[in-house]
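Asks: Sequence and computational prediction follow.
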Amino acid sequence: SYPQQYQDEARAFQKWMNAQNIPQNWTLGQTTMVQLFYEVEDACTSIVTESPDGTISHARNLDYGLPGLENFTATITFERNGNAVARGTMYVGYCGLLTGQHFNATHGGWSVSLDQRFIGKQWVPYVPTIEAILKGVQNVGFTLRDSLVEQPDFSTATSYLSTVEIPAPAYLIAAGSHPGEGVVITRDRKGVSEARGTGRGYWTLDAEHGSWYRVETNFDNWSNLTDGRRKAAHTALDS
């Protein structure tokens, strides 16, 4: 069910890997499973801020439980007709993007990062995720890469990221280049999560009223502040 472009890239990577004289050949199945990296293993923290002069900053770290992946990271620039349209940090062999920025001279561009969303004690709900993928829902890495290449500005990007179907719950953190353009989008598979009627599933910057930053670890922003990383981030930013 992968789009043809991603099928071609996965096959090309498999072919390249098997030409490197590695003792054990990669199968197409293994290469395909690599594309489900987020759906299997990820965590992360993302922060978006607005400075007093209106400058927007977007930062993230990328957690993972598979040792050695730091040796497989690369910054990739995507071009169209010779012009750079997007850039992101990827794992070599993984065709999707978990972090990236879109270039736009007219609108100033925008960026996105992905954090995994844990649902109660069920950290990664594998069965519904597999069901969604078998029904043709694209993995979130492909979705984010497509959005970074195709969506021209912060407004259209966040509208798309709020509604496009994804196979697993997630936090999508986006930033633009103008004051107020920062948001944490708490996602269910089919849209924004509005748990308990908080209205904070789409959690924007509001520097005018003192909310000059938003921090997302791996917990809903309306839940109790029990995560140690989240506490540390709030303490550092508030100081």
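Replies: That came through fine.

Asks: what's in contact with the lowest-mean-pLDDT helix or strand in the chain?
Replies: Every helix and strand of the chain was ranked by mean pLDDT, DSSP states H and E. The lowest is helix 37-40, at a mean of 72. Contacts with helix 37-40, where a contact means Cβ atoms under 8 Å, 6 or more residues apart in numbering, come from 64, 91, 94, 96, 98, 114, 116, 124, 129, 133, 139-141, 167-168, 170. For glycine as for every other residue, the C-beta is placed from the backbone atoms N, C-alpha and C.

Asks: Equivalent analysis for stretch 48-62, please.
Replies: By Cβ under 8 Å, 6+ apart, stretch 48-62 touches 42, 44-47, 89, 98-99, 111, 113, 115, 173-184, 205, 207, 212-214, 237.

Asks: just checking, which of the contacts of helix 37-40 belong to helices?
Replies: Counting by DSSP state H, the contacts of helix 37-40 place 129, 133, 140-141 in helices.

Asks: and these as a markdown table, adding neighbour count?
Replies: As requested, the ones in helices among the contacts of helix 37-40 are arranged in a markdown table below (neighbours: other Cβ atoms under 10 Å):
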| residue | neighbour count |
| --- | --- |
| T129 | 21 |
| I133 | 18 |
| V140 | 26 |
| G141 | 25 |
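
Asks: Where does S57 fall, secondary structure wise?
Replies: In this structure, S57 sits in strand 56-61 according to DSSP states H and E.

Asks: Can you list the strands that the next helix-or-strand element following that strand pairs with?
Replies: Downstream of strand 56-61, the next assigned helix or strand under DSSP H and E is strand 73-80. In the sheet, strand 73-80 lines up against strand 83-91 (antiparallel) (DSSP bridges).

Asks: Tell me the one among the contacts of helix 37-40 nearest to Q14.
Replies: Q14 has its nearest neighbour among the contacts of helix 37-40 in Y94, at 12.8 Å by Cβ to Cβ.

Asks: which residues of this protein score low on pLDDT?
Replies: Under the criterion pLDDT under 70, the flagged ranges of the chain are 40-42, 65, 119-125, 195-199, 225-227.

Asks: Hmm, S147 is touching V112, no?
Replies: Yes: using Cβ atoms under 8 Å, S147 is in contact with V112, at 7.0 Å.

Asks: Settle it for me: which of the two has more neighbours?
Replies: V112 (28 against 23; other Cβ atoms under 10 Å).

Asks: Next up, the contacts around the more buried one.
Replies: So V112 contacts 99-101, 144, 147-148, 157, 161, 172-175 (Cβ under 8 Å, 6+ apart).

Asks: just those now: which is nearest A232?
Replies: Once Cβ to Cβ is applied, the member of the contacts of V112 that ends up nearest A232 is I173, at 17.6 Å.

Asks: residues contacting Q35?
Replies: 2, 6, 10, 94-96, 139, 141-142.

Asks: Tabulate these (TSV), appending distance to A74.
Replies: Shown next, in TSV, are these (distance: Cβ to Cβ, whole Å):
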residue	distance to A74
Y2	21
Y6	17
A10	16
Y94	10
C95	12
G96	13
N139	19
G141	14
F142	17
